[in-house]
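Engineer: Kindly return the folded structure for what I paste below:
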Amino acid sequence: MSIPRERIRNFCIIAHIDHGKSTLADRLLAATGALTQREEREQFLDKMDIERERGITIKAQAVRLVHRAEDGLEYMLNLVDTPGHVDFGYEVSRSLAACDGALLVVDASQGVEAQTLANVYLAVANDLEIVPVLNKIDLPAAEPDRVAQEIEEVVGLDTEGILHVSAKTGLGVEALLERLVALLPGPQGAPADPFRALIFDSWYDPYKGVVLMVRVVDGSLKVGDDVTLMHTQARHQVLELGAYNPHAEPLQHLETGEIGYVVAGIKDLHDAKVGDTLCLTASKGETEVVPGFEEVKPMVFAGIFPVDAADYSDLRDALDKLVLNDASLVWEPESSAALGLGFRCGFLGLLHMEIVQERLEREFNLDLLTTAPTVVYRRRDLEGNESELSNPADFPQLNEVEAVLEPMIRADIHVPEEFVGSVMKLCQERRGVQLDLQYLTSDRVHLQYRLPLAEVVFDFFDHLKSITRGYASMDYELSGYEESDLVRLDVLINSERVDALAVILHKDNAYFRGRALCKKLRELIPRAQFKIPIQASIGSRIIARETIPALRKDVTSKCYGGDISRKRKLLEKQKKGKKRMRQFGKVEIPQSAFLSVLKTDV
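Structural biologist: Here you go, the predicted structure:
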């Protein structure tokens with residue numbers, strides 16, 4: 001049954017991590033009868049095992065619901081469930097581009113958090129109607145009046161008559177559906193104009209090829225139409241159309257304002273680009289590109305190498321397919337003297353890096369080695385030209401450049417008043433400069449710091465959570481580059497430089513990081529038949545050293561007597577053998593050694 005465009009509501013759920021987005025999405029599915037009682041399960045829209053294990057949303061998921069409102073009419077609700085973690089902010093921005101409204105979920109016990117604000121600003125920038133709702137109202141610690149006032153003061157939304165909901169028990173969900181129907185606007189668009197749609201997601205299906213998730217902006221599309229992807233100019237014929245409600249349901253056409261999937265037999269993975277405009281081939285000359293979302297720039301780079309060199313081509317194919325599903329991932333080929341052929345990959349943060357590695361290993365059955373991550377620096381040559389520097393191996397000699405610049409961020413930290421001193425001390429230790437301090441309420445403080453990104457991506461968030469007993473929340477955005485006294489710290493194992501362990505860091509931290517790194521590697525690298533020296537160096541200067549002792553065989557055990565010269569002769573022979581072995585011996589470096597670059601606590 002076709003539903004008129006004025007009764008379509010396209011909306012997403014935005015919130016801070018762990019404020020109940022996925023649980024509320026489950027209740028909306030149940031309340032609209034999209035699932036049978038037998039099909040219901042927690043986190044239904046979190047399809048990946050890794051999402052369910054970690055309890056976080058990684059991928060935005062779109063689902064079509066039909067709700068019969070109190071006015072007796074049926075409404076089509078296109079719901080997009082979004083991630084909450086800052087590392088997956090790009091998924092949120094893609095979802096917002098396809099929606100007309102946003103449901104802002106705030107935990108009634110926790111209040112407004114950093115990512116709450118960040119997502120609200122994204123929604124406002126996309127000119128979306130925002131409907132606030134208080135979740136977890138059934139908790140004993142819930143303070144709805146205080147949190148509602150906080151939303152009004154901090155976020156600036158009118159909270160008069162704000163809905164009180166418990167996604168866990170289902171309390172208030174029916175009223176929420178009515179509120180969505182009443183307050184959210186219907187989609188704009190011209191049904192009589194030529195078809196055009198925004199591609200906001202895609203993935204690879206081994207049987208159907210590339211599947212495109214689209215929001216129809218103007219016109220309509222039917223099975224059999226010839227379509228063109230405007231960015232790549234690739235032409236294809238529509239083989240299948242459909243929507244998820246929440247299971248895939250084939251349709252004969254998609255109309256203006258609707259959200260659905262398109263299968264057009266796209267086999268070349270590079271043809272489909274998230275953010276591209278899909279149009280009819282016959283009218284591509286007169287079709288304007290849909291203002292999509294900006295391409296995001298990665299903040300963290302790391303090398304990913306196959307354990308078995310024969311898996312190199314499989315890893316390349318896997319990255320090609322994963323980029324369809326995760327448009328914020330970028331990669332390019334790289335070679336390492338220690339690890340062979342692999343890829344230099346760009347991520348939005350450390351959690352994003354962990355998730356990508358785990359997805360590659362699970363979904364594509366690969367064994368991988370990942371090098372220490374580094375942020376994107378800039379080098380300014382003697383003529384004043386700037387270029388990007390994402391690999392420590394490319395770090396220049398100091399006499400070759402005028403300056404090396406490091407990326408800076410503006411961090412917004414929300415923390416209870418009792419932990420302010422500890423957080424300020426942590427930020428100062430990480431070379432932070434305080435920009436602002438505001439009391440949002442009597443016991444809630446907003447700190448703003450300018451920090452080097454390199455000091456934040458490794459373990460800053462873990463330390464922040466630890467010193468505030470989990471009550472602090474943080475969001476950050478890139479705020480330019482700044483000159484800094486940076487050096488490249490190299491690691492030499494058995495007098496050979498291991499490029500995969502090299503890191504770029506501030507000169508003041510180099511000695512402490514080098515010493516800690518050598519100690520950690522001494523514990524992790526297995527002993528051999530010869531002594532293994534581990535050294536940390538800056539240029540040609542060694543700043544730290546540890547030695548892994550050799551495994552010794554008692555060559556004198558067979559001597560039961562006789563002259564001492566017999567024993568000395570055997571020991572000298574062994575000494576020469578170990579010297580020769582050290583010269584030609586190969587040291588096996590385990591994956592844990594590469595990860596140790598992250599874990600050195602200095």
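
Engineer: Please, where are all the strands along the stretch 501-602 of the chain?
Structural biologist: 503-506, 532-538, 541-548 (DSSP state E, counting those that start in this stretch).

Engineer: Deepest-packed of the ones you listed, please.
Structural biologist: When you average the neighbours per residue for each of the strands of the stretch 501-602 of the chain (mean count of other CB atoms under 10 Å), strand 503-506 leads with a mean of 22. To be clear about C-beta, it is placed using only N, CA and C from the backbone, and glycine gets the same treatment.

Engineer: Please identify the pairing partners of it and their relative orientation?
Structural biologist: Here strand 503-506 has these sheet partners by DSSP bridges: strand 486-493 (antiparallel).

Engineer: Quick check: what element follows the strand it pairs with along the chain?
Structural biologist: strand 496-497 (DSSP states H and E).

Engineer: sorry, back to before: could I get the strands of the stretch 501-602 of the chain as a markdown table with mean pLDDT and distance to G432?
Structural biologist: Below are those laid out as a markdown table (pLDDT from 0 to 100; distance: least, CB to CB, whole Å):
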| stretch | mean pLDDT | distance to G432 |
| --- | --- | --- |
| strand 503-506 | 85 | 13 |
| strand 532-538 | 90 | 24 |
| strand 541-548 | 90 | 25 |
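
Engineer: Adding distance to M474, write these out as JSON lines.
Structural biologist: Listed next are these as JSON lines, based on distance: least, CB to CB, whole Å:
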{"stretch": "strand 503-506", "distance to M474": "21"}
{"stretch": "strand 532-538", "distance to M474": "31"}
{"stretch": "strand 541-548", "distance to M474": "32"}
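
Engineer: And the ones you listed: which comes nearest V487?
Structural biologist: Between V487 and those, the tightest spacing by CB to CB is seen for strand 532-538, at 5.0 Å.

Engineer: Give the other helices and strands that that closest one contacts.
Structural biologist: Contacts defined by 3 or more CB pairs under 8 Å, 6 or more residues apart in numbering; DSSP states H and E place strand 532-538 against strand 486-493, helix 507-524, strand 541-548.

Engineer: Need the winner for burial among those.
Structural biologist: strand 486-493 comes out most buried of the helices and strands packed on strand 532-538 by mean count of other CB under 10 Å, with a mean of 21.

Engineer: thinking again about what came up before, could I get the helices and strands packed on strand 532-538 as CSV with distance to L341?
Structural biologist: Converted to CSV, those look like this (distance: least, CB to CB, whole Å):
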stretch, distance to L341
strand 486-493, 21
helix 507-524, 24
strand 541-548, 28
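
Engineer: Count residues in the vicinity of the nearest residue to T371 once chain neighbours are set aside, would you?
Structural biologist: Nearest non-adjacent residue to T371, counting by CB to CB, 6 or more residues apart in numbering: G303, 3.9 Å away. By the criterion of other CB atoms under 10 Å, G303 has 24 neighbours.

Engineer: residue contacts, G303?
Structural biologist: Contact analysis of G303 by CB atoms under 8 Å, 6 or more residues apart in numbering lists 334, 336, 339, 342-345, 370-371, 391, 500.

Engineer: Among the residues you listed, name the ones in strands.
Structural biologist: 334, 336, 342-345, 370 (DSSP state E).

Engineer: Scan those and report the most crowded one.
Structural biologist: Busiest of the ones in strands among the contacts of G303 [other CB under 10 Å] is C345, holding 27 neighbours.

Engineer: so what pLDDT did it get?
Structural biologist: C345 is assigned a pLDDT of 88 by the prediction.

Engineer: One more: G285?
Structural biologist: Reported pLDDT for G285: 69.

Engineer: so which of the helices and strands packed on strand 532-538 gets nearest L435?
Structural biologist: Short answer: helix 507-524, nearest of these by CB to CB, at 21.9 Å.

Engineer: packing partners for that closest one?
Structural biologist: strand 486-493, strand 532-538, strand 541-548, helix 591-599.

Engineer: ok so, going back, against T370, how distant is the residue nearest to T371?
Structural biologist: Distance, G303 to T370, using CB to CB, to the nearest Å: 7 Å.

Engineer: same question, D459
Structural biologist: Taking CB to CB, one finds D459 at 16 Å from T370.

Engineer: The closest residue in space to E258 that isn't next to it in sequence: what's it in contact with?
Structural biologist: Here the nearest residue to E258 in space, its sequence neighbours aside, is V216; by CB to CB, 6+ apart that works out to 5.2 Å. For V216, the contact set (CB under 8 Å, 6+ apart) comprises 189, 195, 197, 254-260.

Engineer: Now a PyMOL select for only the buried ones of those.
Structural biologist: Buried residues within those, by 16 or more other CB atoms under 10 Å, are selected in PyMOL with:
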select buried, resi 189+195+197+254+255+256+257+258+259+260
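
Engineer: Of the contacts of V216, which is the nearest to R380?
Structural biologist: For the contacts of V216, the nearest to R380 is A197 (43.1 Å; CB to CB).

Engineer: which stretch of helix or strand covers the residue nearest to the spatial centre of the chain?
Structural biologist: The chain has H352 as the residue nearest its centroid, 2.9 Å off, counting by CA atoms, centre = their mean. Assigned by DSSP H and E, H352 belongs to helix 350-363.

Engineer: Sort out which residues of that helix are buried, please.
Structural biologist: 350-353, 355-360.

Engineer: now those residues in JSON lines, with pLDDT and distance to L478?
Structural biologist: Putting the buried residues of helix 350-363 into JSON lines (pLDDT from 0 to 100; distance: CB to CB, whole Å) gives the following:
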{"residue": "L350", "pLDDT": "77", "distance to L478": "16"}
{"residue": "L351", "pLDDT": "78", "distance to L478": "17"}
{"residue": "H352", "pLDDT": "83", "distance to L478": "15"}
{"residue": "M353", "pLDDT": "85", "distance to L478": "17"}
{"residue": "I355", "pLDDT": "84", "distance to L478": "21"}
{"residue": "V356", "pLDDT": "88", "distance to L478": "20"}
{"residue": "Q357", "pLDDT": "87", "distance to L478": "23"}
{"residue": "E358", "pLDDT": "86", "distance to L478": "26"}
{"residue": "R359", "pLDDT": "87", "distance to L478": "25"}
{"residue": "L360", "pLDDT": "90", "distance to L478": "26"}
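
Engineer: any idea which of the residues you listed is closest to A97?
Structural biologist: The closest of the buried residues of helix 350-363, once distances to A97 are taken by CB to CB, is H352, at 19.7 Å.

Engineer: if I look at that closest one, how far off is R488?
Structural biologist: 25 Å.

Engineer: got it, and Y244?
Structural biologist: Taken as CB to CB, the span from Y244 to R488 is 49 Å.

Engineer: just P416 next, same as before
Structural biologist: 40 Å.

Engineer: Now for the residue nearest to A500 when sequence neighbours are not counted, how many residues are close by?
Structural biologist: With sequence-adjacent residues excluded and distances taken as CB to CB, 6+ apart, A500 is closest to T371, at 4.4 Å. Per other CB under 10 Å, the neighbour tally for T371 reads 28.

Engineer: those strands in the stretch 351-500 of the chain, which residues are they?
Structural biologist: 368-370, 374-375, 377-381, 386-389, 401-416, 433-441, 444-452, 473-483, 486-493, 496-497.
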